[in-house]
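Peer 1: 3D model of this:
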Amino acid sequence: MWDVFLSYSRKDARQVRRLHEELIAVGLKVFTDESAVAGFAGISDTIRCALADSRVLLAYYSLGYPERPACQWELTAAFLAGLGEGDPRRRVLVVNPEPDTAHIHPVELRDTRHGEPETLVQDVLAHLRQVPGAMRLDAAPPCVHGELPVAVGEFTGRLPELWRLHSALHAQEAPLVTGRTSAGPVQLRGMPGIGKTRLAREYVLRFGAAFPGGVHWARAGAPQPPQAPDGPCLYVVDDVPHGLSPRAVTELTAPHPLVRTLLITRSRAYGGHGEHLDLEPLPEAAAAALAGASELADAAAGHPGALGLLGRAAAAGQSPAALASRLYEPGRSLLDILAGDELTADHVRDALSAPAEAQDVLRCALALSPLPVTAEAVAGVLASADRLPRAVALRRASAGLAELTARGLLTPAPHHLHPVTAHSWLHHEGDSARAETLRRAVLSSLGATATTLDSPGLPVPGVRKESLPMRVTEAERMAAFDLQVELVSRIGVQQLPADSGSLREALTSLNSLFPFTRDTLRRYSIGLEPGTAPSVQSVAHHLLNEVLRPFMTHWHPVLMAWETHRPTNVSPLDHERTWPRAEAFRTALDALQEPLRAVTASLAEISGAEFGISTEV
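Peer 2: Residues are numbered from 1 along each chain as shown. Have a look, this model is predicted:
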């Protein structure tokens, strides 16, 4: 049996090595995953077995500690083991090298006094005398009243949020560091499908020992607060809608002092009712693990609901690239098809019931995406499209923006529209004519803005300037070179021979530039947001959003509509050759060569490499 399981981030290895030596010097058996894991052994299994065979976990809780997934799992397991014994601090000791404790979760660990350098070893020895046996990792299941929602797929990437949720629900138990002396409601907020209910369910299953009085799960439409609990208990109210009065929200909170209330809602309008925890999209690594493919993780932008559906389809044998492409097809949403339900309608139900000015802001946000939307930008669009006085347009835009933010359909400033929300709105747009009017007004306003950028230091992305002063890193040069090599081999740069070749393959070739560009920038740790100077980011943004996206948005659905009419006895290529719009497509594809060559020229200026392709435009 190990006396101490030493848990730490690799960034702190030097400091921890000295601590390790001090603990061994007084005769303690100390486990670390560097010194005690056998070569080629399964580290996860080894760590799990070692933790179950240890008396306490000693966490070196630096700022980098929560960033390591293994640390998250180790601390959570030991914390829950102590919780099952009646005291979460029983099996966890903390060394805090930072000047404050705000980064430490769960909150009960913030006011522990272990970790003073001069008394640390003696503190550990004193604590070990109180815990003679190894910790138990198999906690008893919680007592649940009501029906827990069904979980599909693996829970991943949310351990830090579990800690923060527990800290919010128990802030009053560490009053010296939180300033709270009584329990208040906690709101778990986020967009549809972001995993609010799943996180609450996982919390109930893992942290149920914190509530000996049981867990009561109800929906806002049929609240059932516990009246006389036997001990501290948790009351979860799921699906709290937007638009409730302050009194109605207060009435959802259980009044009994032993009850902790958790409200799950999409709305951001109830800020005055206790603390709130806002769920964001999954981090990149967790999103890729859930989807099983990077292109799917990119397409769903870290949205757990969409990632789960796409990941299961890919695991069943469907091509990830084809799935990502089908997200942009007209007709019924791919997400609805995979779910066997109209879930995208539920994703935008708050938009469908929103006032007209809010829907107009959503249409403008869609046209601007992935750029953020502002009240000033929408006001300009409304003033142009509806011939409104600027003051009136600004008032409408501000009201619509505030309404969408309150309903959880846009992020707080800077206001971004998530791709899954955009996808759902596109499939449930109730006024396509209005949407097209505003889309054109948005494009016109962007064009007018571009013509005013006459500063010599701000060239338009993709336009070659012979004497362009540039300061680029080696990573940027390499990223530009990779994009340049990929571009010169594409059908848009290398002309499609007349009366030959596949138009569908040409589209597929161009479409693959989207994931390739994103993967290339990610590989070299370069963002996709365009800067204010010529850069790989600005050229990539211009390529994807101003050159390729308009072409793909127009021709992909048109060609697909023709392909759906192919007789079974006719090959795809033969059917394609009878397409009445084939010649127009080839003309548009030829016209695409000019902007693609301009982009290639801009990349050549950054990479310093030329491939003998004419870039005169």
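Peer 1: buried set for the helix ranked longest in the chain?
Peer 2: Counting residues, the longest helix in the chain under DSSP state H turns out to be helix 582-607. Using 16 or more other Cβ atoms under 10 Å as the test for burial, helix 582-607 gives 585-586, 589, 592-593, 595-607. Every C-beta, even on glycine, is put in place using the N, C-alpha and C of the backbone.
Peer 1: Check which helices and strands it is in contact with.
Peer 2: helix 474-488, helix 503-511, helix 536-542, helix 549-563 (3 or more Cβ pairs under 8 Å, 6 or more residues apart in numbering; DSSP states H and E).
Peer 1: quick one, which of those is nearest to residue 356?
Peer 2: The closest of the helices and strands packed on helix 582-607 to residue 356 is helix 549-563. By Cβ to Cβ, the value is 25.5 Å.
Peer 1: now for the closest one, which elements pack on it?
Peer 2: helix 503-511, helix 572-577, helix 582-607.
Peer 1: tell me the average confidence for the longest helix of the chain?
Peer 2: Mean pLDDT, computed over helix 582-607, is 88.
Peer 1: what angle do that helix and helix 503-511 make?
Peer 2: 20 degrees (axes from the mean of the first three to the mean of the last three Cα atoms, to 10 degrees).
Peer 1: of all the helices and strands packed on helix 582-607, which lies closest to residue 211?
Peer 2: That would be helix 536-542 among those, by Cβ to Cβ, at 48.3 Å.
Peer 1: Can you show me the CA trace of that closest one as PDB?
Peer 2: Taking only C-alpha atoms (Å, rounded to 0.1, in the frame of the first residue of the first chain), the coordinates of helix 536-542 have been written out as PDB:
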ATOM      1  CA  VAL A 536      -1.500  34.000 -43.300                       C
ATOM      2  CA  GLN A 537      -4.700  34.500 -41.300                       C
ATOM      3  CA  SER A 538      -6.000  37.300 -43.500                       C
ATOM      4  CA  VAL A 539      -5.200  35.400 -46.700                       C
ATOM      5  CA  ALA A 540      -6.800  32.200 -45.300                       C
ATOM      6  CA  HIS A 541      -9.900  34.100 -44.200                       C
ATOM      7  CA  HIS A 542     -10.100  35.700 -47.700                       C
END
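Peer 1: Which residues belonging to it are considered buried?
Peer 2: Here helix 536-542 shows 536, 537, 538, 539, 540, 541, 542 as buried, counting by 16+ other Cβ under 10 Å.
Peer 1: Isn't the last one up against residue 600?
Peer 2: So that's residue 542. No. Assessed by Cβ atoms under 8 Å, residue 542 is found out of contact with residue 600, at 11.9 Å.
Peer 1: For residue 535, which non-adjacent residue is closest in space?
Peer 2: residue 476 (6.9 Å; Cβ to Cβ, 6 or more residues apart in numbering).
Peer 1: any idea how far that neighbour is from residue 600?
Peer 2: 16 Å (Cβ to Cβ, to the nearest Å).
Peer 1: coming back round to it: would you mind finding the most buried of the helices and strands packed on helix 582-607?
Peer 2: helix 536-542 (a mean of 23; mean count of other Cβ atoms under 10 Å).
Peer 1: now that helix: mean pLDDT?
Peer 2: 89.
Peer 1: Just checking the distance from it to the centre of its chain.
Peer 2: Relative to the centre of its chain, helix 536-542 is centred 22 Å away, using Cα atoms, centre = their mean, to the nearest Å.
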